[in-house]
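Enquirer: structure here, sequence nowhere to be found:
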């Protein structure tokens with residue numbers, strides 16, 4: 001199934017409602033990041049984040065990366081503009097999620113990627129890579145917290161030739 005901007009907005013809305021319900025059932029569940037910051041943070045990195053102005057899970061992801069030392073500048077293009085950002089930056093439809101972040105040096109970070117994973121990527125700068133992606137919206141990823149529920153998911157390394165490989169597996173120890 002192709003993830004269109006309209007579908008991503010719908011998924012964000014549903015996820016936000018589920019998240020609100022989960023938090024109201026368990027008031028002591030804090031809204032925290034799934035992954036803790038690294039002990040040796042890299043120099044503060046700026047990310048341009050392209051997202052819908054109404055997407056709550058995207059806002060939570062922005063809070064997560066900012067809490068982990070990244071600086072963000074938010075952009076709210078219309079649906080066509082958001083699709084253009086993704087396609088112009090080499091993010092194929094099957095890698096897409098609800099938001100796209102781009103670093104000053106042109107790396108793309110698609111979806112709910114944990115900040116420490118982005119940090120590691122920026123330190124390593126794998127050859128032939130354009131960035132990372134977490135397709136869809138996995139439960140338990142940063143911005144998609146739903147109480148104690150956590151689904152395992154892969155962070156994909158996106159390559160210049162359009163292919164990908166698993167960069168990091170998340171939640172496999174849960």
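Expert: Now that the structure is in, tell me what you want to look at. Given the structure is predicted, the values throughout are model-derived calculations rather than measurements.
Enquirer: contacts, neighbours, all on C-alpha from now
Expert: OK.
Enquirer: and the helices in the chain?
Expert: For the chain, helices defined by DSSP state H occupy the ranges 5-25, 56-67, 79-88, 115-124.
Enquirer: and residue 82, how close does it get to residue 168?
Expert: Counting by C-alpha to C-alpha, to the nearest Å, the separation of residue 82 from residue 168 is 26 Å.
Enquirer: more neighbours: which of those two?
Expert: Comparing residue 82 with residue 168 by neighbour count (other C-alpha atoms under 10 Å), the higher total belongs to residue 82, at 21 against 13.
Enquirer: the more buried one contacts residue 51, correct?
Expert: Yes: taking contact to mean C-alpha atoms under 8 Å, the distance of 7.0 Å between residue 82 and residue 51 places them in contact.
Enquirer: so what sits against both of those two?
Expert: Residues within reach of residue 82 and of residue 51 at once, by C-alpha atoms under 8 Å, 6 or more residues apart in numbering, are residue 76.
Enquirer: tell me the contacts of the residue nearest the centre of the chain?
Expert: For the chain, the residue lying nearest the average C-alpha position, counting by C-alpha atoms, centre = their mean, turns out to be residue 112 (2.1 Å). When contacts are counted by C-alpha under 8 Å, 6+ apart, residue 112 is found next to 58, 61, 97, 133, 134, 137, 138, 141, 142, 143, 144.
Enquirer: can you list the low-confidence ranges for the chain?
Expert: Residues of the chain meeting the criterion pLDDT under 70: 1-43, 172-174.
Enquirer: could the contacts of residue 112 go into JSON lines alongside distance to residue 116 and neighbour count?
Expert: As requested, these are arranged in JSON lines below (distance: C-alpha to C-alpha, whole Å; neighbours: other C-alpha atoms under 10 Å):
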{"residue": "58", "distance to residue 116": "17", "neighbour count": "27"}
{"residue": "61", "distance to residue 116": "13", "neighbour count": "23"}
{"residue": "97", "distance to residue 116": "19", "neighbour count": "29"}
{"residue": "133", "distance to residue 116": "14", "neighbour count": "26"}
{"residue": "134", "distance to residue 116": "14", "neighbour count": "21"}
{"residue": "137", "distance to residue 116": "18", "neighbour count": "22"}
{"residue": "138", "distance to residue 116": "17", "neighbour count": "21"}
{"residue": "141", "distance to residue 116": "12", "neighbour count": "26"}
{"residue": "142", "distance to residue 116": "11", "neighbour count": "26"}
{"residue": "143", "distance to residue 116": "14", "neighbour count": "31"}
{"residue": "144", "distance to residue 116": "16", "neighbour count": "25"}
